[in-house]
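Asker: Test case, fold it:
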Amino acid sequence: MASVHLGIDNLLSSQPAWLQSARLGLLANQASVDGHLRHTRDRLLDANVNLTAIFAPQHGYFGELQANMVESDHFVDDQLGIPVFSLYGEARQPTAAMLSHIDVLVVDLQDVGTRVYTFATTLALCLEAARDHNVKVVVLDRPNPIGGQQIEGNLLEMELRSFVGYFPIPMRHGLTMAELARLFNEAFGIGAVLEIFAMKGWSRAMLYPQTGLYWVPPSPNLPTSKSTLVYPGQVILEGTNLSEGRGTTTPFELWGSPYLEPKLVLEHLAEENLSGAVLRPVRFQPCFDKWAGQSCAGFQIHVTNSDDYRPYATSLALVRAVLTAHPEEFAWSAPPYEYEFHHLPIEIILGSAHLRRQLEAGVTIADLEQSWQTQLSDFRQQCTPYLLYS
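Answerer: This is a model prediction of the structure:
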């Protein structure tokens with residue numbers, strides 16, 4: 001039995017007046033399930049609501065599609081005969097025609113606590129569209145799987161705003177989807193009509209296994225909740241010619257390349273003050289994506305102490321070490337990346353061109369971390385009015 005009761009449970013126990021009277025749209029995917037693995041769509045239908053449209057984020061409604069501009073199509077739900085609109089295709093924001101089907105948009109998505117995970121941007125774009133077309137937004141909250149206490153990284157520089165970073169928040173933001181919605185809507189001035197249904201039993205210290213909830217992958221390359229612990233750092237590798245483990249059974253935990261010399265990389269890492277994880281040397285062969293079919297040398301990241309582990313700092317250190325150890329072979333990936341055709345993908349991911357140049361110049365990770373402490377302190381203060389949990 002789950003110790004955490006989700007936003008969908010709170011909604012159905014509250015029975016607000018609009019639940020029966022309004023035409024509802026649902027933004028969800030395969031991970032939108034309750035503590036008994038019942039899908040939110042089915043929970044709503046059992047409550048006899050008027051569900052008139054469904055919306056799907058990146059990776060598709062069934063979560064089967066890979067990343068980086070692998071688009072999903074609209075289709076018709078074969079049971080209900082209602083449209084399922086893709087928000088990761090020809091449009092990434094609900095159009096007036098889509099929203100004409102509904103009065104209330106119910107959002108129930110499992111985020112992973114990382115700025116570049118696109119569900120947060122989809123949430124922001126939905127809030128903007130709903131404001132412009134007089135649609136109410138209701139967010140059903142879910143746990144941040146990597147907890148709500150630690151935050152990490154530089155804030156996004158707005159000249160690098162993209163689909164993988166819409167507002168100036170750090171890479172590891174420490175918020176739930178409902179808290180993000182409140183922050184976006186109020187602090188960042190969207191101003192939509194927003195209602196939140198919070199969780200019961202969740203606290204900021206919880207990692208996902210402590211919730212008692214089943215983990216359903218919200219996207220293909222986060223197969224376990226362990227994947228989410230390393231993701232806020234390892235996603236950086238998408239902006240390099242290093243494999244981030246896509247095409248293996250442990251994406252983001254595994255990383256490397258055919259040219260990598262583990263011993264040399266470890267020597268360059270020795271000067272960094274990293275803790276909370278062990279790098280175990282491995283070889284692996286991706287079956288798709290970067291270096292597909294080639295034997296890669298690298299490491300698996302084993303998180304040994306989640307309180308001490310700093311995923312963003314750790315992965316910045318990994319990139320800096322490889323850049324130093326293999327200056328001829330290492331390269332930044334070229335555009336396009338998530339609909340950005342001009343800036344380097346690494347700059348879009350980091351939210352900073354300056355940070356990319358600092359890595360190239362050999363600035364220590366300790367100095368980088370120190371440089372964004374004031375930003376993080378200000379961000380914590382900014383978030384305080386919008387927090388829902390102790």
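Asker: hey, let's count contacts and neighbours off CA atoms from now on
Answerer: Fine.
Asker: mind listing the helices in the chain by residue range?
Answerer: Secondary structure of the chain (DSSP state H): helices at 7-14, 18-21, 40-46, 96-99, 119-132, 177-182, 225-234, 262-269, 311-325, 345-350, 353-361, 365-371, 373-383.
Asker: which of the residues in the fourth one are buried?
Answerer: Neighbour-count burial for helix 96-99, with 16 or more other C-alpha atoms under 10 Å as criterion, is recorded at M98, L99.
Asker: what sits up against it?
Answerer: F85, A129, A130, H133, V135 (C-alpha atoms under 8 Å, 6 or more residues apart in numbering).
Asker: how about the helices of the chain in TSV, adding distance to R161 and mean pLDDT?
Answerer: As requested, the helices of the chain are exported to TSV (distance: least, C-alpha to C-alpha, whole Å; pLDDT from 0 to 100):
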stretch	distance to R161	mean pLDDT
helix 7-14	30	98
helix 18-21	35	96
helix 40-46	31	98
helix 96-99	24	98
helix 119-132	10	98
helix 177-182	17	98
helix 225-234	18	98
helix 262-269	31	96
helix 311-325	19	98
helix 345-350	7	98
helix 353-361	12	97
helix 365-371	21	96
helix 373-383	17	98
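Asker: Quick one: closest of those helices to Y389.
Answerer: Set against Y389 and scored by C-alpha to C-alpha, those come closest in helix 177-182, at 9.3 Å.
Asker: Could you name the helices and strands sitting against that closest one?
Answerer: helix 119-132, strand 136-140, strand 194-197 (3 or more C-alpha pairs under 8 Å, 6 or more residues apart in numbering; DSSP states H and E).
Asker: Pick the most deeply packed of the ones you listed.
Answerer: Looking across the helices and strands packed on helix 177-182 with neighbours counted as mean count of other C-alpha atoms under 10 Å, the highest average goes to strand 136-140: a mean of 24.
Asker: Adding distance to V303, write the contacts of helix 96-99 out as TSV.
Answerer: Shown next, in TSV, are those (distance: C-alpha to C-alpha, whole Å):
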residue	distance to V303
F85	38
A129	40
A130	40
H133	45
V135	43
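Asker: For S162, which of the helices of the chain is the nearest?
Answerer: helix 345-350 (7.0 Å).
Asker: Can you give me the neighbour number for the closest residue to H342 other than its chain neighbours?
Answerer: Nearest non-adjacent residue to H342, counting by C-alpha to C-alpha, 6 or more residues apart in numbering: P335, 6.5 Å away. For P335, the neighbour count with other C-alpha atoms under 10 Å is 16.
Asker: cool, S275 as well?
Answerer: S275, neighbours per other C-alpha under 10 Å, totals 16.
Asker: returning to what we had before: to E157, which of the helices and strands packed on helix 177-182 lies closest?
Answerer: Nearest of those to E157, taken as C-alpha to C-alpha: helix 119-132 at 15.1 Å.
Asker: Check which helices and strands that closest one sits against.
Answerer: Secondary structure elements in contact with helix 119-132, counted by 3+ C-alpha pairs under 8 Å, 6+ apart, are strand 136-140, helix 177-182.
Asker: picking that back up, save the helices and strands packed on helix 177-182 as JSON lines, and put in distance to R320 too.
Answerer: Listed next are those as JSON lines, based on distance: least, C-alpha to C-alpha, whole Å:
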{"stretch": "helix 119-132", "distance to R320": "28"}
{"stretch": "strand 136-140", "distance to R320": "39"}
{"stretch": "strand 194-197", "distance to R320": "41"}
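Asker: what about these, which gets the closest to F299?
Answerer: F299 lies closest to helix 119-132 among the helices and strands packed on helix 177-182, at 28.6 Å (C-alpha to C-alpha).
Asker: coming back round to it: can you tell me which of the contacts of helix 96-99 comes closest to A313?
Answerer: Nearest to A313 among those: A129, at 35.3 Å, using C-alpha to C-alpha.
Asker: The closest one against R92, yeah?
Answerer: No: in this structure A129 lies outside contact range of R92 using C-alpha atoms under 8 Å: 10.7 Å.
Asker: mind checking which of the helices and strands packed on helix 119-132 is nearest Y339?
Answerer: helix 177-182 (22.8 Å).
Asker: Identify the residues contacting that closest one?
Answerer: 109-111, 120, 123-124, 139-142, 144, 194, 196-198, 386-388.
Asker: ok, 6 Å please
Answerer: If you take C-alpha atoms under 6 Å, 6 or more residues apart in numbering as the criterion, helix 177-182 is touched by V139, D141, Y386, L387.
Asker: Kindly format the C-alpha coordinates of it as CSV.
Answerer: These are the backbone C-alpha positions of helix 177-182, laid out as CSV (Å, rounded to 0.1, in the frame of the first residue of the first chain):
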residue,chain,number,x,y,z
MET,A,177,4.8,19.7,-10.9
ALA,A,178,2.1,21.5,-8.8
GLU,A,179,4.8,23.7,-7.2
LEU,A,180,6.3,24.4,-10.6
ALA,A,181,2.8,25.4,-11.9
ARG,A,182,2.4,27.8,-9.0
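Asker: Number of residues surrounding D307?
Answerer: Quick note: D307 (other C-alpha under 10 Å) scores 12 neighbours.
Asker: residues contacting the residue lying closest to it once chain neighbours are set aside?
Answerer: Nearest non-adjacent residue to D307, counting by C-alpha to C-alpha, 6+ apart: G276, 7.2 Å away. Contact analysis of G276 by C-alpha under 6 Å, 6+ apart lists V303, T304, N305, D308, Y309.
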